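Q: Need a 3D model of the sequence below.
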Amino acid sequence: AGGRVCRRRPGGMEVKDANAAMLSNFEVFKLLNDLKEQRKESGNKKHSAGQQNLNTIMYETLKYLSKTPCKDQTPEIVTKFLKAMVPQKLTKAEKLQLLNHRPLTAVEIQLMVEESEERLTEEQIEELLQTISSILPGSPDEQGGVQQQEEADMVVEEDGNQMDES
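A: Reported below is the predicted structural model:
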């Protein structure tokens, strides 16, 4: 992210380049955790009102991000994912969405990739989903949810077959 993004002017800040850098949830999560550790080590307990507001923002952001796929990611996983995305005709913002949200269905891909119906075939969407699920780690409860859904689908199919026989 070269150059300054914001500059002070009377009455507030002015955004110079809104797209200077796009950070993944993983990068924000890591940065905030590192800052939290630095603060613990410094042991400075006196905080101004501004510092307390910043602490609240850090706490709430970390709390939110700890419930997202980024909590299970590493720099190596992010790099491997981005390398796997190179052949895909996706924008940086779309790759970031996929990395941050770890979609599990074609519908989720369609929500994250602009004009996906025109730009991607069904096979490409399936390939994307396979790449995402094989590289990006999922939470155990998420995996359980998929397995439970598959089991529920099998029960419905079995019930349907039994009805056909009678």
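Q: What ranges does the chain have for its helices?
A: Assigned by DSSP state H, the helices in the chain fall at 25-42, 49-65, 75-85, 92-101, 106-112, 116-119, 122-135, 140-165.
Q: Who are the packing partners of the second one?
A: In this structure, helix 49-65 packs against helix 25-42, with contacts taken as 3 or more Cβ pairs under 8 Å, 6 or more residues apart in numbering; DSSP states H and E. C-beta: built from backbone N, CA, C; applies to glycine.
Q: List the buried residues for the helix it packs on?
A: If you call a residue buried by 16 or more other Cβ atoms under 10 Å, then helix 25-42 has these buried ones: 25, 26, 27, 29, 30, 32.
Q: Redo the helices of the chain as JSON lines? Include mean pLDDT.
A: Below are the helices of the chain laid out as JSON lines (pLDDT from 0 to 100):
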{"stretch": "helix 25-42", "mean pLDDT": "91"}
{"stretch": "helix 49-65", "mean pLDDT": "91"}
{"stretch": "helix 75-85", "mean pLDDT": "96"}
{"stretch": "helix 92-101", "mean pLDDT": "95"}
{"stretch": "helix 106-112", "mean pLDDT": "95"}
{"stretch": "helix 116-119", "mean pLDDT": "93"}
{"stretch": "helix 122-135", "mean pLDDT": "95"}
{"stretch": "helix 140-165", "mean pLDDT": "46"}
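Q: Output stretch 86-93 as CSV, restricted to C-alpha atoms.
A: C-alpha atoms of stretch 86-93 as CSV (Å, rounded to 0.1, in the frame of the first residue of the first chain):
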residue,chain,number,x,y,z
VAL,A,86,-4.6,-17.4,-10.3
PRO,A,87,-6.1,-19.4,-13.2
GLN,A,88,-9.6,-18.2,-12.2
LYS,A,89,-10.8,-15.0,-14.0
LEU,A,90,-11.8,-13.3,-10.7
THR,A,91,-11.1,-9.8,-9.4
LYS,A,92,-9.0,-9.2,-6.3
ALA,A,93,-12.1,-8.2,-4.4
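Q: Make residue 1 into 48 and carry on from there
A: Sounds good: first residue 48 from here, last item stretch 133-140.
Q: contacting residues around that stretch?
A: Stretch 133-140 is contacted from outside by 69, 142, 145, 160, 161, 166, 171, 175, using Cβ atoms under 8 Å, 6 or more residues apart in numbering.
Q: With distance to residue 88 and neighbour count as extra columns, can I get the residues you listed in JSON lines?
A: Below are the contacts of stretch 133-140 laid out as JSON lines (distance: Cβ to Cβ, whole Å; neighbours: other Cβ atoms under 10 Å):
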{"residue": "69", "distance to residue 88": "30", "neighbour count": "12"}
{"residue": "142", "distance to residue 88": "35", "neighbour count": "20"}
{"residue": "145", "distance to residue 88": "35", "neighbour count": "24"}
{"residue": "160", "distance to residue 88": "42", "neighbour count": "24"}
{"residue": "161", "distance to residue 88": "44", "neighbour count": "13"}
{"residue": "166", "distance to residue 88": "48", "neighbour count": "14"}
{"residue": "171", "distance to residue 88": "47", "neighbour count": "15"}
{"residue": "175", "distance to residue 88": "42", "neighbour count": "22"}
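Q: Cool, thanks, signing off.
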